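S.K.: Okay, structure incoming, though there's no sequence with it:
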């Protein structure tokens, strides 16, 4: 037993990184990450580079990819630091009522949210007041504005608009320089380009079978014996691993159920008379929270953020909206002079101009408490996707569409709705949650509140835990990163206590 690693963490996203930081001081810890290390200067800064970074079998070290299910498509990230490499660093906790059906209360999670904030250190943008978004949201939804904070070092930020698909100026407080740096300072090993292909029970521990990413089956596969294994490979990665191990690890009936898109949606109010900052590409800095009562009488929240088109796609977006905006959308509300509208479109066809139509465009980026009606499906190779063909009919998604129509009636412009409503299209998202949901027991969950994998008989698999977005029991209505980090903090603390007790 002396050659066993104390903890193997599979995945380096928000949950896995938080766990590694907390357990590394108490035992030998290895973090395995399928993706590569991405450093400032490596990230794509134009559309061809972004396309070239797409993750496929032929490009196994790509930065990002998509999983397509019935009615939906969801993005994922592959790299040391997970989604923190490419997101806007929005750091929000959900409303209190989100926790009503959770096995953990908001009060129980409060200290872990606080710890996560201490590590991630989000801060408001110094440019937020100059962007025009606050004035716009105050106009269309008075008293509902909630300003955001981002995990960005604003003193280093050049406001280049390249938060997505990755910061090349070292301004992000991504996980590689926060939680993973803490883990490494306590001796944790971060092994990139290592894909886990199997997790087998082995006496009182586990055998973790590891393969170099992109390499086929061979005798060179490494076997790491471990006392404890923490699955934190992201929603799809964890579902894939547990599905592959289903002959050895029986899960509860909730496995793959109650998945959520987290209310993700996207639409545009194009070429309005209201000056905005759609051409800027700056991080998302403000939002409005709108209350909604669903048909069952349950309180939910719609979160509409003042979105940004990533700078890598800005010129393309300006051309598409300029050429086809009228055909894609519907003009609504008061109209400013036709000559002014035409001039703004012409400016964007020539170049992306601060006086052009894109600079008068509001991008609706939605997160919402949807009804968690999705489920996991697996292809012939065991790769998971989120299937939810009726997502666009979810009550809060329909409510969101109605609010956007009301905004358009007030400020004019061309309303370009979510493309998922068009024939043959899907609803696309970036926050797939659930599938390995946390519950009080096997009657309502797949893992317990400490992240331990439940057996159908009510016991747990000793030494096996899950700590990523797959364990979240319901939609959050806000970006999920802070909540995943807080859950990782809690799982990490519980496992650290177990290591101390064993020592």
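M.R.: Cool, got the structure. Keep in mind the model is a prediction, meaning the values are calculated, not measured.
S.K.: next structured bit after the helix-or-strand element of the chain with minimal mean pLDDT?
M.R.: Least confident element among the helices and strands of the chain, by mean pLDDT, DSSP states H and E: strand 330-331 (a mean of 73). Downstream of strand 330-331, the first helix or strand assigned by DSSP states H and E is helix 338-350.
S.K.: Can you name the element that comes right after that following helix?
M.R.: Criterion used, DSSP H and E; the element after helix 338-350 is strand 362-368.
S.K.: Adjacent strands (with direction) for that following strand?
M.R.: Sheet pairing of strand 362-368 (DSSP bridges) gives strand 265-270 (antiparallel), strand 299-306 (antiparallel).
S.K.: what residues does the least confident helix or strand of the chain touch?
M.R.: By Cβ atoms under 8 Å, 6 or more residues apart in numbering, the residues outside strand 330-331 that reach it are 412, 413, 414, 415. All C-beta atoms are positioned from the backbone trio N, CA, C, and that covers glycine.
S.K.: Any idea how far that strand is from the middle of the chain?
M.R.: 31 Å (Cα atoms, centre = their mean, to the nearest Å).
S.K.: Kindly report the same for stretch 370-390.
M.R.: 16 Å.
S.K.: Buried ones in that stretch, by neighbour count?
M.R.: Neighbour-count burial for stretch 370-390 flags 370, 371, 372, 373, 374, 375, 376, 384, 385, 386, 387, 388 (criterion: 16 or more other Cβ atoms under 10 Å).
S.K.: list the contacts for the second one?
M.R.: If I follow you right, that is residue 371. Residues in contact with residue 371 (Cβ under 8 Å, 6+ apart) are 260, 294, 394, 395, 396, 475.
S.K.: Now do the phi/psi pair for the third one.
M.R.: Comment: the main-chain dihedrals of residue 394 come out as phi -60, psi 140, following degrees, to the nearest 10.
S.K.: wait, it sits on residue 370?
M.R.: Yes: at 4.8 Å, residue 394 and residue 370 qualify as touching, with contact defined as Cβ atoms under 8 Å.
S.K.: Count the neighbours of residue 17 for me.
M.R.: A count of nearby residues for residue 17, using other Cβ atoms under 10 Å, gives 36.
S.K.: my guess is it meets residue 179, correct?
M.R.: Yes: assessed by Cβ under 8 Å, residue 17 is found in contact with residue 179 at 3.6 Å.
S.K.: now the helix or strand where residue 325 lies against helix 338-350, angle please.
M.R.: For residue 325, the host element (DSSP H and E) is helix 314-328. Counting by axes from the mean of the first three to the mean of the last three Cα atoms, to 10 degrees, helix 314-328 lies at 140 degrees to helix 338-350.
S.K.: Summarise which helices and strands helix 314-328 is packed against.
M.R.: strand 265-270, helix 338-350, strand 414-416 (3 or more Cβ pairs under 8 Å, 6 or more residues apart in numbering; DSSP states H and E).
S.K.: Give the ranges of residues in this structure that sit below the confidence cut-off.
M.R.: In the predicted model of the chain, residues 1-2, 218-219, 278-281, 326-328, 333, 335, 419, 421-425 satisfy pLDDT under 70.
S.K.: In space, not sequence, find me the middle residue of it.
M.R.: Residue closest to the average C-alpha location in the chain (Cα atoms, centre = their mean): residue 431, at 4.0 Å.
S.K.: Report the secondary structure state of that one.
M.R.: coil (DSSP: H, G, I helix; E, B strand; the rest coil).
S.K.: which residues are common contacts for residue 17 and residue 179?
M.R.: Common contact partners of residue 17 and residue 179 (Cβ under 8 Å, 6+ apart): residue 485.
S.K.: how much space between residue 493 and residue 108?
M.R.: Residue 493 sits 12 Å away from residue 108, going by Cβ to Cβ, to the nearest Å.
S.K.: If you count surrounding residues, which of the two has more?
M.R.: Neighbour totals were compared for residue 493 and residue 108, and residue 493 leads with 18 against 13 (other Cβ under 10 Å).
S.K.: Excluding residues flanking it in the chain, which one is nearest residue 454?
M.R.: Closest residue to residue 454 apart from its sequence neighbours, by Cβ to Cβ, 6 or more residues apart in numbering: residue 442 at 5.0 Å.
S.K.: Now do the contacts for that neighbour.
M.R.: Here residue 442 is in contact with 252, 253, 254, 454, 455, 456, 457, 458 (Cβ under 8 Å, 6+ apart).
S.K.: Mind doing that once more with 10 Å?
M.R.: 251, 252, 253, 254, 448, 454, 455, 456, 457, 458, 459, 460 (Cβ atoms under 10 Å, 6 or more residues apart in numbering).
S.K.: now do residue 153
M.R.: By Cβ under 10 Å, 6+ apart, the neighbours of residue 153 are 121, 123, 167, 169, 170, 171, 172, 173, 177.
S.K.: Can you flag the buried ones in the residues you listed?
M.R.: Using 16+ other Cβ under 10 Å, the buried members of the contacts of residue 153 are 167, 171, 172, 173.
S.K.: what's the most distant pair in those residues?
M.R.: The largest separation in the buried ones among the contacts of residue 153, counting by Cβ to Cβ, is between 167 and 173 at 9.9 Å.
S.K.: hmm, back to that, what touches both of residue 394 and residue 370?
M.R.: Taking Cβ under 10 Å, 6+ apart as the contact rule, residue 394 and residue 370 both touch 260, 261, 263, 294, 388, 400, 475.
S.K.: Which residue ranges make up each domain of the chain?
M.R.: 1-38+79-122+173-259+432-503, 124-150+261-430 (automatic domain parsing).
S.K.: quick one on the thing from earlier: next up, phi/psi of the residue nearest to residue 454, please.
M.R.: phi -60, psi -20.
S.K.: Check residue 152 too.
M.R.: phi -130, psi 140.
S.K.: Correct me if wrong: it contacts residue 172.
M.R.: Yes: the pair residue 152 / residue 172 is scored as a contact, 6.0 Å apart, by Cβ atoms under 10 Å.
S.K.: Quickly list what's touching both of the two.
M.R.: Common neighbours of residue 152 and residue 172, counting by Cβ under 10 Å, 6+ apart, are 88, 89, 163, 283.
S.K.: Residue 272: which of these is nearest?
M.R.: Using Cβ to Cβ, the shared contacts of residue 152 and residue 172 come closest to residue 272 at residue 283, 21.6 Å.
S.K.: which residues touch the closest one?
M.R.: Taking Cβ under 10 Å, 6+ apart as the criterion, residue 283 is in contact with 87-90, 125, 127-128, 131, 148-152, 154, 157, 159, 161, 163-164, 171-172, 308.
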